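Visitor: Whatever this is, show me its structure:
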Amino acid sequence: MKLYKKTFLLFLFFLLAVNVSAQIADTIKVTQFGVKSNSYQNASKGISEALKKCSGKQNVVVQLPGGRIDLWPEDSVKKEIYISNATESDTLSKIKNIGFFFDHLKNVTLDGNNTLVVLHGKMISFALFNCENIQIKNLQFDYERPTMSEATIVSVSPSSVKLKIHPDSRYFIENGKIGFYGEGWKSNSHHTIALDQQNRMHYSSFEPFLKSKAIQQENRDVLFEGDFTKVKYNVGDVLTIRDTYRDNCGGFITLSKDVVLSNVKMHFMHGLGIVSQFAENITLSKVVVAPRENSGRVIASFADCFHFSGCKGKILVTDCKTSGAHDDPINVHGTHLKITEIAGNKKIKVQFMHHQTYGFEAFFAGDSISFVSPQTLKPIVFGKLKSAKLISKKEMELTLENEISEKIKVGDVIENLTWTPEVTIRNSRFERTNTRGLLLTTRRKIVIENNIFYKTGMHAILIANDASSWFESGAVNNVIIRNNTFEECAYNSGTVINIAPENHELVKGYYVHHNIKILENTFKVFDKQILSARSTDGLLFSNNTINQSSLMENSNEETFKLTACKNVVIKNNTFNTSWKPKIATFNMEKISMR
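Guide: Next up, the predicted model:
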């Protein structure tokens, strides 16, 4: 009996030891691969070798040295990548330079140790392909030469304007004309947005400067002599200038699952922001997109900050901040593909339609799909895929499990219903953007709570869905917008919250979006447009507080504009304003406020 007990205890001890051993992570220090902090040497090769060592391990921590490390495209991982909303339709190479490449890895933590990673040229900070349970934490990324040029207006007259060019913005003057360049690139266009001294961003133009004579002065001051009567420039405003060509992104997560970014700072991202494309369960916690403090720069993202295309599972964005983007802080959507051919044997061919989105698999065997009318956005029939194959960069061949309905025709579009995520965005701040705050189109539950939307140029929240422009799919069915603060948003155009599906034909009795609740929020408005909604069944706007901004402008526009909606309730709201709210309705019964 004693021998039995002793043997049993030894067996338990062995199991415990094995379990503890499995939980203790291997630590890989990149310094073992020649990476030295504050050396200003190319660390690309060492980082690549350290991550390759993670392959096959069950639990590993990759540790950075702290301080600053630099990455150049030379010796970095190079991979052809097609990125949603950031793949221009041309013949140029789609091979990207990747700083941190996670390839088929599982249970890996990248601990940045608060390291500042400085990228050179055009690079993707990190990319995850076919990974699971990955955490990236305590890390900062920046560009040595951001692809955004910045200049502050020093003086203005009808015949001349003086700019002070930011030290991080490399430029040249040749034959009296200015141009901008970087590490291996030169700007071919000059898309310009101005940041004014009220922290508002507006579309501007660099064209008068390009037509003027540029004269170099002291301390990076450049005097431009020419005609400046057609565009208004103000002393103190910052002009932010970029090429419009999207050929990269800040971070890329694809075909991966259970990914967490925590305490990560993206001080500049080129092309697009952090893109999650056909990924599952993504958490962004304390992720900051903003220029480095004391850098003097105002822009941190060339376009969007966080972009989710065709994802599933749960997306959680919590305690984050975005400040300084040339496009939207967050965009969550699927992609409509158009039917180009209906063949026998249950087969169809579908095509990517927008010139910036193509080249990746948008459907997989076993996925549930919806056939949709592009004019009405109404589902026609539903189906399930037996197989899916990318047959060219812009076409897929799909085989259905059942016969194709006679209701389907060439020109209709399809949506992937399987790859649609549940979204929670909370405790975050979104500021300094010329465009929208959040773009959300997903049929699963959406919760937007306890956020601050500060002076977004257009809608703070846009719920769209279209099959004719961006082809970004997704009807919403359950949205809660609760306890947020909207401060002086939509100063450029639009309403603070806009529910705007692009159904060009209204169908009586059919509504694109359903069940949207806007509760207990605070709106500080300088204009009277708060909510616009189209083709929505079940819209509640209740217990919100509307305060009047000191920037109040005179307007005759409606506070609420409703088109072809049903079951709309507007009640128990407090208007601390000098004007009375107005409701305009179209193609529906009039409603009243309570």
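Visitor: Please enumerate the helices of the chain.
Guide: With DSSP state H as the criterion, the chain has helices at 2-23, 44-52, 207-210.
Visitor: Next, the distance between the ends of stretch 358-374.
Guide: 19 Å (CA to CA, to the nearest Å).
Visitor: Report the distance from stretch 357-374 to the chain centre.
Guide: Counting by CA atoms, centre = their mean, to the nearest Å, stretch 357-374 is centred 21 Å from the centre of its parent chain.
Visitor: again with stretch 166-174
Guide: With CA atoms, centre = their mean, you get 29 Å for stretch 166-174.
Visitor: Would you mind splitting the chain into its domains for me?
Guide: 2-146+246-325, 149-242, 336-416 (automatic domain parsing).
Visitor: now the last one, how far from the centre of its chain.
Guide: Read that as domain 336-416. Distance, centroid of domain 336-416 to centroid of chain: 25 Å (CA atoms, centre = their mean).
Visitor: oh, and call the first residue 40 from now on, that's how I've got it
Guide: Got it, first residue is 40 now, which makes that one domain 375-455.
Visitor: Could you check how far the spatially closest residue to residue 218 that is not a sequence neighbour is from residue 204?
Guide: Distances taken as CB to CB, 6 or more residues apart in numbering place residue 211 nearest to residue 218, at 5.4 Å, with adjacent residues excluded. C-beta: built from backbone N, CA, C; applies to glycine. Relative to residue 204, residue 211 is positioned 11 Å away (CB to CB, to the nearest Å).
Visitor: again, but for residue 627
Guide: For residue 627, the distance to residue 204 - CB to CB - is 53 Å.
Visitor: Over to residue 249?
Guide: To residue 204, residue 249 is 15 Å away according to CB to CB.
Visitor: just residue 622 next, same as before
Guide: In terms of CB to CB, residue 622 sits 49 Å off from residue 204.
Visitor: do residue 198 as well
Guide: 20 Å.
Visitor: Among the helices of the chain, show the one with the smallest mean pLDDT.
Guide: When mean pLDDT is averaged over each of the helices of the chain, helix 41-62 scores lowest at a mean of 50.
Visitor: Do a quick rundown of the strands in the stretch 390-539 of the chain.
Guide: Using DSSP state E, counting those that start in this stretch, the strands of the stretch 390-539 of the chain run over 407-411, 418-429, 434-439, 452-455, 460-465, 468-472, 477-479, 485-488, 491-495, 500-502, 511-512, 518-521, 524-526, 536-538.
Visitor: so what does the second one touch, helix or strand wise?
Guide: Going back to what we said before, that points to strand 418-429. Contact analysis of strand 418-429 by 3 or more CB pairs under 8 Å, 6 or more residues apart in numbering; DSSP states H and E lists strand 407-411, strand 434-439 as its packing neighbours.
Visitor: ok, back up a step: pLDDT wise, what is the residue nearest to residue 218 at?
Guide: If you check residue 211, the pLDDT there is 98.
Visitor: Quick one: residues contacting it.
Guide: For residue 211, the contact set (CB atoms under 8 Å, 6 or more residues apart in numbering) comprises 217, 218, 220.
Visitor: Go through these and say which is closest to residue 228.
Guide: residue 218 (11.3 Å; CB to CB).
Visitor: gap between that closest one and residue 193?
Guide: As defined by CB to CB, residue 218 lies at a distance of 20 Å from residue 193.
Visitor: would JSON lines of the strands of the stretch 390-539 of the chain with mean pLDDT, distance to residue 568 and mean neighbour count be doable?
Guide: Formatted as JSON lines, these follow (pLDDT from 0 to 100; distance: least, CB to CB, whole Å; neighbours: other CB atoms under 10 Å):
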{"stretch": "strand 407-411", "mean pLDDT": "98", "distance to residue 568": "30", "mean neighbour count": "19"}
{"stretch": "strand 418-429", "mean pLDDT": "98", "distance to residue 568": "31", "mean neighbour count": "16"}
{"stretch": "strand 434-439", "mean pLDDT": "98", "distance to residue 568": "40", "mean neighbour count": "18"}
{"stretch": "strand 452-455", "mean pLDDT": "98", "distance to residue 568": "30", "mean neighbour count": "26"}
{"stretch": "strand 460-465", "mean pLDDT": "98", "distance to residue 568": "22", "mean neighbour count": "22"}
{"stretch": "strand 468-472", "mean pLDDT": "98", "distance to residue 568": "18", "mean neighbour count": "24"}
{"stretch": "strand 477-479", "mean pLDDT": "98", "distance to residue 568": "17", "mean neighbour count": "25"}
{"stretch": "strand 485-488", "mean pLDDT": "98", "distance to residue 568": "19", "mean neighbour count": "21"}
{"stretch": "strand 491-495", "mean pLDDT": "98", "distance to residue 568": "13", "mean neighbour count": "24"}
{"stretch": "strand 500-502", "mean pLDDT": "98", "distance to residue 568": "13", "mean neighbour count": "26"}
{"stretch": "strand 511-512", "mean pLDDT": "96", "distance to residue 568": "23", "mean neighbour count": "25"}
{"stretch": "strand 518-521", "mean pLDDT": "98", "distance to residue 568": "16", "mean neighbour count": "22"}
{"stretch": "strand 524-526", "mean pLDDT": "98", "distance to residue 568": "11", "mean neighbour count": "21"}
{"stretch": "strand 536-538", "mean pLDDT": "98", "distance to residue 568": "9", "mean neighbour count": "26"}
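Visitor: For residue 353, find the nearest of these.
Guide: Short answer: strand 460-465, nearest of the strands of the stretch 390-539 of the chain by CB to CB, at 5.0 Å.
Visitor: ok so, going back, compare the contacts of residue 211 and tell me which is most surrounded.
Guide: For the contacts of residue 211, the largest neighbour count, defined by other CB atoms under 10 Å, is 23 neighbours, found at residue 217.
Visitor: any idea how far the closest residue to that one other than its chain neighbours is from residue 195?
Guide: Once flanking residues are discounted, residue 217 sits nearest to residue 253: 4.3 Å by CB to CB, 6+ apart. Per CB to CB, residue 253 is found 16 Å from residue 195.
Visitor: Which one of the two is surrounded by more residues?
Guide: Counted by other CB under 10 Å, residue 253 and residue 195 do not tie: residue 253 has more neighbours, with 21 against 15.
Visitor: Now do the contacts for that one.
Guide: By CB under 8 Å, 6+ apart, the contact list for residue 253 reads 212, 215, 216, 217, 261, 262, 263.
Visitor: Can you give me the end-to-end span of stretch 307-316?
Guide: One end of stretch 307-316 sits 20 Å from the other (CA to CA).
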